[in-house]
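S.K.: only geometry, no sequence info:
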Ligand SMILES: Nc1ncnc2c1ncn2[C@@H]1O[C@H](COP(=O)(O)OP(=O)(O)OP(=O)(O)O)[C@@H](O)[C@H]1O
Ligand SMILES: [Mg+2]
């Protein structure tokens, strides 16, 4: 791999007030990779993605995405990526189709392209028949499917998916991953995703970074990680790397702090 | 497709979203007419006789332009504040990561919110007619619409600017009591400016809404305090300032 990395991160740090969320991580992603972030709850995966996508400003550290720094050139960075956030970002008071169209126009996809593509994608996630329904009437899984379809509408250089397939049935997950992989081969789109499904990471990722407590504890292919930990499954490798302690207690303490931080902000 | 056309389509789409959300919620339309109606009836009929005795003429006719502008003020500020909902429901992130300049987002949203407020102002105009409001010349509503739009743009931008610094609806009461109500009551909406104490007159002159009401009132029933040129200049200047401020605060949002 001699090309310039499409994502380059050096010593990235993010503190929320006193709470450190990302503690100095560094990694590179090459163009066309399917790169996965794996890590327990609260590891700092979403926070890192938010910094890469101009949503949050880093406390310190350097990021280059498609050659641009998100803090200095947010517009250029925004033109380079697409994203499906972990939390829902749909307008409940618009119909499914209107949500798609809003996205297409904001990303300057020409009408002659987006009209057939919206149909194709909504058929892919089996929502075409429900295109005129208001999103507020959708189930959680339907909303998720719509968000993924929307994210795929414009074809960016880098595509971030933060736990895209949570709550989706295996058929839909399969459909969606086939589409993403096709996009990856056909347009050399770089895919950066997070997941808690080990099988998904093993099947889809060309390279995996395991994140824990705001740092990267291992990087490599699924095979590398298994070899490195002398385990036979990615799940065992993951547990060997991140320990068996459940993060819920810690996360809930952090969440309480986070609620306080939010209430007192400004 | 050139980028100018693309920008226009983005502004249109942002505008359309605001208008659709308004149109689809009849409860909100009817609900926000309650207050102006109450003011027209209670003040218009309640104080009408006193006003006439003081030699000031027909109070409903004096009051109606003020209440039209009040409806515009309230609806605009709320349209702007709607951004807080977008933050809480996550939709704002979808807009914020889009490759669109913050100024375009601000402009499209503001235009949409202002359109909604303008419609609300027109509905109050029609209600006032039904309650006995006699404009000197009915057709002067057309130039008055221009000033109503300026008022709507200015206060939607103000609402948006305030809301980009808030994270939940808890600040709502604060905005209501310390921004919206003072702007309304200290604007000449419900009393003539020629007999008020100097201190109050100064406050009124600082308030941009006063200029909007002055323009709408002088077009519909006469008695201007400032000139239309002054009114337009103040509204456009303050509106542009708030729009710029809003776009700037907007680009500072972290989600
Ligand atoms: N806005 C915020 N304010 C304060 N703390 C935050 C905020 N966002 C995240 N955090 C904290 O930062 C840490 C990392 O959170 P993050 O959402 O990045 O985890 P994650 O790896 O995505 O976890 P999950 O798998 O549960 O999605 C957590 O401790 C979280 O509580
Ligand atoms: Mg997360």
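M.R.: Perfect, thanks for sending it. Everything numeric in this text was worked out from a predicted model, so none of it was measured. Ligands and ions are numbered 1, 2, ... in the order given.

S.K.: Got the phi and psi for residue A:65?
M.R.: phi -120, psi 120 (degrees, to the nearest 10).

S.K.: what residues are up against it?
M.R.: Each residue near residue A:65 by CB atoms under 8 Å, 6 or more residues apart in numbering or on different chains is listed here: A:6-8, A:52, A:77, A:80-81, A:158. For glycine as for every other residue, the C-beta is placed from the backbone atoms N, C-alpha and C.

S.K.: how close does the residue of chain A found nearest ligand 2 get to residue A:194?
M.R.: Per CB to the ion, residue A:46 is where chain A lies closest to ligand 2, at 3.1 Å. Counting by CB to CB, to the nearest Å, the gap from residue A:46 to residue A:194 is 7 Å.

S.K.: so what sits against both of the two?
M.R.: Between them, residue A:46 and residue A:194 share the contacting residues A:86, A:162, judged by CB under 8 Å, 6+ apart.

S.K.: Quick one: low-confidence residue ranges for the chain.
M.R.: Just going to use chain A. A:1-2, A:244, A:246-266 (pLDDT under 70).

S.K.: I was after chain B.
M.R.: B:1-2, B:55-56, B:255.

S.K.: Tell me which residues of the host helix or strand of residue A:113 come out buried.
M.R.: Residue A:113 is located in helix A:111-124, with elements delineated by DSSP states H and E. Neighbour counts using 16 or more other CB atoms under 10 Å in any protein chain shown place A:114, A:117-118, A:121-122, A:124 of helix A:111-124 among the buried residues.

S.K.: what do you get for stretch A:26-37?
M.R.: A:27-37.

S.K.: Going along the chain, name the helices of the chain.
M.R.: Here I'm looking at chain A. Secondary structure of chain A by DSSP state H: the helices cover A:45-52, A:74-78, A:96-106, A:111-124, A:140-151, A:170-187, A:198-204, A:222-229, A:234-242, A:248-264.

S.K.: please go with chain B instead
M.R.: B:3-23, B:26-31, B:34-53, B:59-81, B:83-88, B:91-96, B:102-130, B:141-163, B:172-175, B:181-185, B:198-206, B:208-221, B:228-251.

S.K.: hang on, the earlier thing: TSV for the buried residues of stretch A:26-37, including distance to residue A:182?
M.R.: As requested, the buried residues of stretch A:26-37 are arranged in TSV below (distance: CB to CB, whole Å):
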residue	distance to residue A:182
A:27	26
A:28	25
A:29	20
A:30	19
A:31	17
A:32	13
A:33	16
A:34	12
A:35	18
A:36	18
A:37	22
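
S.K.: can you count the residues close to residue A:178?
M.R.: Using other CB atoms under 10 Å in any protein chain shown, residue A:178 has 11 neighbouring residues.

S.K.: Contacts only, for residue A:147.
M.R.: A:84-85, A:88-90.

S.K.: Correction: the previous question concerned residue B:17.
M.R.: So residue B:17 contacts A:91, A:94, A:98, A:102, B:112 (CB under 8 Å, 6+ apart).

S.K.: neighbour-wise, which of these leads?
M.R.: Top of the contacts of residue B:17 by neighbour count (other CB under 10 Å): residue B:112, with 25 neighbours.

S.K.: coming back round to it: columns distance to ligand 1 on top of the helices of chain A, output as JSON lines?
M.R.: Below are these laid out as JSON lines (distance: least, CB to the nearest ligand atom, whole Å):
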{"stretch": "helix A:45-52", "distance to ligand 1": "3"}
{"stretch": "helix A:74-78", "distance to ligand 1": "19"}
{"stretch": "helix A:96-106", "distance to ligand 1": "23"}
{"stretch": "helix A:111-124", "distance to ligand 1": "25"}
{"stretch": "helix A:140-151", "distance to ligand 1": "14"}
{"stretch": "helix A:170-187", "distance to ligand 1": "18"}
{"stretch": "helix A:198-204", "distance to ligand 1": "13"}
{"stretch": "helix A:222-229", "distance to ligand 1": "18"}
{"stretch": "helix A:234-242", "distance to ligand 1": "11"}
{"stretch": "helix A:248-264", "distance to ligand 1": "4"}
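
S.K.: and of those, who's closest to residue B:232?
M.R.: Nearest to residue B:232 among the helices of chain A is helix A:96-106 (32.4 Å), distances taken as CB to CB.

S.K.: now the angle from the helix holding residue A:113 to helix A:140-151?
M.R.: On the basis of axes from the mean of the first three to the mean of the last three CA atoms, to 10 degrees, helix A:111-124 is oriented at 150 degrees to helix A:140-151.

S.K.: Give me the residues contacting helix A:111-124.
M.R.: Under CB under 8 Å, 6+ apart, the answer for helix A:111-124 is A:96-97, A:100-101, A:104, A:109, A:128, A:131, A:146, A:149-150, A:152-153, A:175-176, A:179.

S.K.: Which residue does the stretch 51-200 of chain B have closest to ligand 1?
M.R.: The nearest approach of the stretch 51-200 of chain B to ligand 1 comes at residue B:167, 9.9 Å away (CB to the nearest ligand atom).

S.K.: wait, doesn't residue B:82 sit right on residue B:113?
M.R.: Yes: counting by CB atoms under 8 Å, residue B:113 is a contact partner of residue B:82 at 7.3 Å.

S.K.: okay, the two: which has more neighbours?
M.R.: Neighbour tally, residue B:82 and residue B:113, criterion other CB under 10 Å: the higher count belongs to residue B:113, 32 against 21.

S.K.: who's in contact with residue B:221?
M.R.: Residue B:221 makes contacts with B:61-62, B:64-65, B:135-136, as judged by CB under 8 Å, 6+ apart.

S.K.: So among these, which ones count as buried?
M.R.: Among those, those buried by neighbour count (16+ other CB under 10 Å) are B:61-62, B:64-65, B:135.

S.K.: what's the most distant pair in these?
M.R.: Farthest pair in the buried ones among the contacts of residue B:221, by CB to CB: B:62 and B:135, 11.6 Å.

S.K.: Kindly reformat the contacts of residue B:221 as TSV containing distance to residue A:240.
M.R.: Shown next, in TSV, are the contacts of residue B:221 (distance: CB to CB, whole Å):
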residue	distance to residue A:240
B:61	82
B:62	80
B:64	76
B:65	75
B:135	81
B:136	85
